[in-house]
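Enquirer: Show me the folded form of this:
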Amino acid sequence: MTDQDRQPEDTTAATDEPVVSKPYIMPDDPEPGSVELLQKEAAEARDRMLRTLAEMENLRKRTAKEVADAKLYGVTGFARDVLDIADNLQRALDAVPAEARAAADPGLTALIEGVELTERSLLNALEKHGVKKFDPQGQKFDPNFQQAMYEVPDASVPAGTVVQVMQAGYTIGERVLRPALVGVAKGGAKPAAAANSNEANGAAN
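Expert: Residues are numbered from 1 along each chain as shown. From the prediction side, this is the model:
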């Protein structure tokens, strides 16, 4: 073999320079530095910013609600204890019959008025802190706000109507602080149903 028969690759293999390959670019990816790529990055940055602002707004609302709830419901335990005082004042007033009140001497009248004024002042103070008294007398029984203690035969009102209130109920904010203890009518709907049945039978005859 002569020198003229040698292959040219022998000369290329002798160089020590590293071979740098270009990064592979997906066919759909924009070229680096192109307007399309800058617009895509700007849109992604705007989307992240909007998401962050939305999360911050949700956090602000959630924190404000937690602060308001803590302020409102923070007095729940104290308010529940104060209800015993309101109950005792009401019992004191209920213990005086209407006839005795009408014939009371000035001293007893002043005492009754003092108890009434104290009760109103206490209820007003409770309302300033979100505690409200409710009386379900005559309303339909609601187990979310009332606790049935017994049933009362009373056909003059629909069954399930609150006809007696043993103890008033109270709410604080949107929650029940104490359910009302009530007596519920039973049997009211049955006579009405019987009357309808009699009317139907009479019409058929």
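
Enquirer: quick one, phi psi at the spatially most central residue of the chain?
Expert: The chain has Glu174 as the residue nearest its centroid, 6.4 Å off, counting by C-alpha atoms, centre = their mean. Backbone torsions of Glu174, given as degrees, to the nearest 10, read phi -100, psi 10.

Enquirer: My guess is Ala79 contacts Gly173. True?
Expert: No. In this structure, Ala79 is not within contact of Gly173 by C-beta atoms under 8 Å, at 10.7 Å. Any C-beta I mention is one placed from the backbone N, CA and C, and that applies to glycine too.

Enquirer: Which one's more surrounded, those two?
Expert: Of the pair Ala79 and Gly173, Ala79 is the one with more neighbours under other C-beta atoms under 10 Å, namely 20 against 15.

Enquirer: List the buried residues of the strand or helix carrying Glu36.
Expert: Here Glu36, judged by DSSP states H and E, is contained in helix 35-73. In terms of neighbour count (16 or more other C-beta atoms under 10 Å), helix 35-73 has its buried residues at Leu72, Tyr73.

Enquirer: which other helices and strands contact whichever strand or helix holds Asn88?
Expert: Using DSSP H and E, Asn88 maps to helix 76-94. Judged by 3 or more C-beta pairs under 8 Å, 6 or more residues apart in numbering; DSSP states H and E, helix 76-94 is in contact with helix 106-128, strand 169-172, strand 175-178.

Enquirer: JSON lines for these, including mean pLDDT and mean neighbour count?
Expert: Below are these laid out as JSON lines (pLDDT from 0 to 100; neighbours: other C-beta atoms under 10 Å):
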{"stretch": "helix 106-128", "mean pLDDT": "94", "mean neighbour count": "13"}
{"stretch": "strand 169-172", "mean pLDDT": "96", "mean neighbour count": "20"}
{"stretch": "strand 175-178", "mean pLDDT": "95", "mean neighbour count": "16"}
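
Enquirer: Let's have those in a markdown table, adding distance to Glu41.
Expert: As requested, the helices and strands packed on helix 76-94 are exported to a markdown table (distance: least, C-beta to C-beta, whole Å):
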| stretch | distance to Glu41 |
| --- | --- |
| helix 106-128 | 56 |
| strand 169-172 | 52 |
| strand 175-178 | 50 |
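
Enquirer: Kind regards, and thank you for your time.
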